[in-house]
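Asker: I'd like to go over a predicted model; first the sequence, then the structure.
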Amino acid sequence: MTKEKQKMKITRIKSGTAIDHITPGSALKVFELLDLEFVENNSITIAIRVDSKKMGKKDLLKIEDKFLTPTESAMIALISPEATINIIKSFEVTEKHPVELPEQLTGIFDCSNPNCISNQDREPIESKFQVTNKDPLTVRCLYCDNMMEETQIAHQLIKDR
């Protein structure tokens, strides 16, 4: 069998979002972060560790009839900074852009400091972080000055879902 015949094509979607160039092995984390297990009528395609000229291997996620919010895009940037967002309308990519990590993150994950005011039940305050370094990722809580690194952030992201 030739290599062409062995290739499996990923189904096109008429309208929605394709998240491309996801860090290999991270598509299921993105799926979980976006709460896609609760999406009932939309077609969702997940491809894990597929060949990529740019990355060697990559993951891919296609969600029919869903367009990401800036907050969702920021969450993806936290776990897969090389990802790209493709907006699809009438089976065509109409917009393509990399995920961007904003300078400030609000309400995406909790502070790891249990004494932070954003973690207290008596105060309905959304967490706020300033990105202090993008590589390696480090953020500072704007309420208690607690510093969090990439592994702590990933843990909080998953825990908060």
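Answerer: That came through, no problem. Residues are numbered from 1 along each chain as shown.
Asker: so what's residue 11 up against?
Answerer: Residue 11 sits next to 43, 45, 62 when contact means CB atoms under 8 Å, 6 or more residues apart in numbering. Placement of C-beta: from N, CA and C, glycine included.
Asker: just give me the closest of those to residue 148.
Answerer: Closest approach between the contacts of residue 11 and residue 148, by CB to CB: residue 62, at 31.2 Å.
Asker: what number of residues lie near that closest one?
Answerer: Per other CB atoms under 10 Å, the neighbour tally for residue 62 reads 22.
Asker: and the least confident of the contacts of residue 11?
Answerer: Confidence by pLDDT is poorest for residue 43 among those, given 89.
Asker: and residue 68, how far from residue 135?
Answerer: Distance of residue 68 to residue 135, computed by CB to CB, to the nearest Å: 23 Å.
Asker: looking at the two, which is more packed in?
Answerer: residue 68 (18 against 7).
Asker: do I have it right that the more buried one meets residue 17?
Answerer: Yes. Using CB atoms under 8 Å, residue 68 makes contact with residue 17 at a distance of 5.6 Å.
Asker: overlap in contacts, those two.
Answerer: Here residue 68 and residue 17 have residue 85 as joint contacts, going by CB under 8 Å, 6+ apart.
Asker: which ones are touching residue 31?
Answerer: 37, 44, 46, 61.
Asker: how about low-confidence regions in this protein?
Answerer: The model of the chain has pLDDT under 70 over residues 1-9, 158-161.
Asker: phi first, then psi, for the residue most central in space within it.
Answerer: Note on the chain: the residue nearest the mean C-alpha position is residue 76, at 1.6 Å, using CA atoms, centre = their mean. Here is the backbone geometry of residue 76 (degrees, to the nearest 10): phi -60, psi -40.
Asker: residue 16 now?
Answerer: Per degrees, to the nearest 10, the backbone of residue 16 is at phi 150, psi -150.
Asker: against residue 48, how distant is it?
Answerer: Look at residue 16 and residue 48: by CB to CB, they are 19 Å apart.
Asker: neighbour count for these two, which is higher?
Answerer: Taking neighbours as other CB under 10 Å, residue 16 and residue 48 compare with residue 16 leading, 19 against 15.
Asker: ok, what's across the strand from the more buried one?
Answerer: Per DSSP bridges, the residues bridged to residue 16 are residue 64, residue 88.
Asker: list the contacts for it?
Answerer: By CB under 8 Å, 6+ apart, the contact list for residue 16 reads 42, 62, 63, 64, 65, 66, 67, 88.
Asker: next one: residue 37
Answerer: Residues in contact with residue 37 (CB under 8 Å, 6+ apart) are residue 31.
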